[in-house]
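Enquirer: Take this sequence and fold it.
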Amino acid sequence: MESRLRASFARQTMMQTLGATMEEAAEGRVTIARQGADRAPAPVPGQGRAGLDGAGRAA
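Expert: Numbers count the residues shown, from 1 in each chain. The predicted structure is shown next:
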């Protein structure tokens, strides 16, 4: 019983976070996409691409 309550609470919390209703989710009208998924990841300072230093020069 406890696990069912936990699962229900988690599902309700997720839906509230998404701003969706159970009806929308059941009908497949909810889309979850990673934020910025259409962009390349931001570079990490001090880590250039392989073979290049942080300024883009050949290492």
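Enquirer: give me the low-pLDDT residue ranges for the chain?
Expert: Scanning the chain for pLDDT under 70 picks out the ranges 30-59.
Enquirer: report the longest helix in it, please.
Expert: Across the chain, the longest stretch assigned as helix under DSSP state H is helix 2-18.
Enquirer: Pull that one out as CSV, backbone CA atoms only.
Expert: The C-alpha trace of helix 2-18 is given here as CSV (Å, rounded to 0.1, in the frame of the first residue of the first chain):
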residue,chain,number,x,y,z
GLU,A,2,2.8,2.4,0.9
SER,A,3,4.6,1.9,-2.4
ARG,A,4,1.3,2.7,-4.3
LEU,A,5,0.9,5.9,-2.3
ARG,A,6,4.5,6.9,-3.0
ALA,A,7,4.0,6.2,-6.7
SER,A,8,0.8,8.2,-6.8
PHE,A,9,2.4,11.1,-5.0
ALA,A,10,5.4,11.0,-7.4
ARG,A,11,3.2,11.0,-10.4
GLN,A,12,1.0,13.9,-9.1
THR,A,13,4.2,15.9,-8.3
MET,A,14,5.6,15.3,-11.8
MET,A,15,2.4,16.3,-13.4
GLN,A,16,2.1,19.4,-11.3
THR,A,17,5.7,20.3,-12.2
LEU,A,18,5.0,19.9,-15.8
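Enquirer: what's the following helix or strand after that helix?
Expert: helix 22-26 (DSSP states H and E).
Enquirer: With only the CA atoms kept, save that next one in PDB.
Expert: The C-alpha coordinates for helix 22-26 follow below in PDB (Å, rounded to 0.1, in the frame of the first residue of the first chain):
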ATOM      1  CA  MET A  22      -3.700  13.300 -16.100                       C
ATOM      2  CA  GLU A  23      -6.100  13.600 -19.000                       C
ATOM      3  CA  GLU A  24      -3.400  15.400 -21.200                       C
ATOM      4  CA  ALA A  25      -0.800  12.700 -20.300                       C
ATOM      5  CA  ALA A  26      -3.200   9.900 -21.000                       C
END
